[in-house]
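Participant: the following comprises the amino acid sequence and a computationally predicted model.
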Amino acid sequence: MFADPGCSDRAGPFRVGDKWTGMVLRCLEGGPRRFTELRVPLHWVTPKVLTETLRSMERNGFVSRTVHDENPPRVEYELTALGRSLLEPLDFACDWARTHAPEIVAARAAYETE
């Protein structure tokens with residue numbers, strides 16, 4: 001079942017399912033942003049977790065990190081072409097979630113009453 005190397009648990013697209021990656025993709029959709037600029041819309045994400053998410057996204061090739069030689073140092077994060085290619089599937093997933101939200105809520109309620 002999991003013998004296909006292109007479909008392993010270590011493949012990049014599975015990382016998209018991590019808790020904050022989709023939101024970071026959305027935040028970077030409009031262009032490069034600094035860490036502090038990302039913290040504004042993602043204020044409930046701790047700096048440590050945001051850093052871990054950005055590092056993972058960089059490792060998977062979804063984000064590029066540019067350090068500008070300035071004082072104080074300035075670091076910007078930007079979606080790569082690979083990262084941008086995730087925006088359309090993310091749109092589909094969001095549409096699916098909106099369409100099926102009532103069913104999901106009902107299923108959760110039924111599960112909780114069992």
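Facilitator: Yes, it's here. Just so you know, these numbers come straight off a predicted model, no measurement behind them. Numbers count the residues shown, from 1 in each chain.
Participant: can you pull the phi/psi pair for the residue most central in space within the chain?
Facilitator: Taking C-alpha atoms, centre = their mean, the centroid of the chain lies closest to Thr21, which sits 1.4 Å from it. Here the main-chain torsion angles of Thr21 (degrees, to the nearest 10) amount to phi -60, psi -40.
Participant: from Asn60, how far off is it?
Facilitator: 9 Å (C-beta to C-beta, to the nearest Å). (Glycine included, C-beta is placed from N, CA and C.)
Participant: same check on Asp18?
Facilitator: 10 Å.
Participant: what's the neighbour count on Leu28?
Facilitator: Neighbourhood size, Leu28 [other C-beta atoms under 10 Å]: 25.
Participant: that one touches Glu78, doesn't it?
Facilitator: Yes: the criterion here is C-beta atoms under 8 Å, and Leu28 meets it with Glu78 at 6.4 Å.
Participant: shared neighbours, those two?
Facilitator: Val63 (C-beta atoms under 8 Å, 6 or more residues apart in numbering).
Participant: so, low pLDDT: which residues of this protein?
Facilitator: For the chain, applying pLDDT under 70 flags the ranges 1-17.
Participant: can you give me the helices for it?
Facilitator: 12-15, 21-28, 35-39, 47-59, 81-84, 87-113 (DSSP state H).
Participant: mind putting these in JSON lines, distance to Thr66 included?
Facilitator: Shown next, in JSON lines, are the helices of the chain (distance: least, C-beta to C-beta, whole Å):
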{"stretch": "helix 12-15", "distance to Thr66": "21"}
{"stretch": "helix 21-28", "distance to Thr66": "12"}
{"stretch": "helix 35-39", "distance to Thr66": "12"}
{"stretch": "helix 47-59", "distance to Thr66": "11"}
{"stretch": "helix 81-84", "distance to Thr66": "14"}
{"stretch": "helix 87-113", "distance to Thr66": "20"}
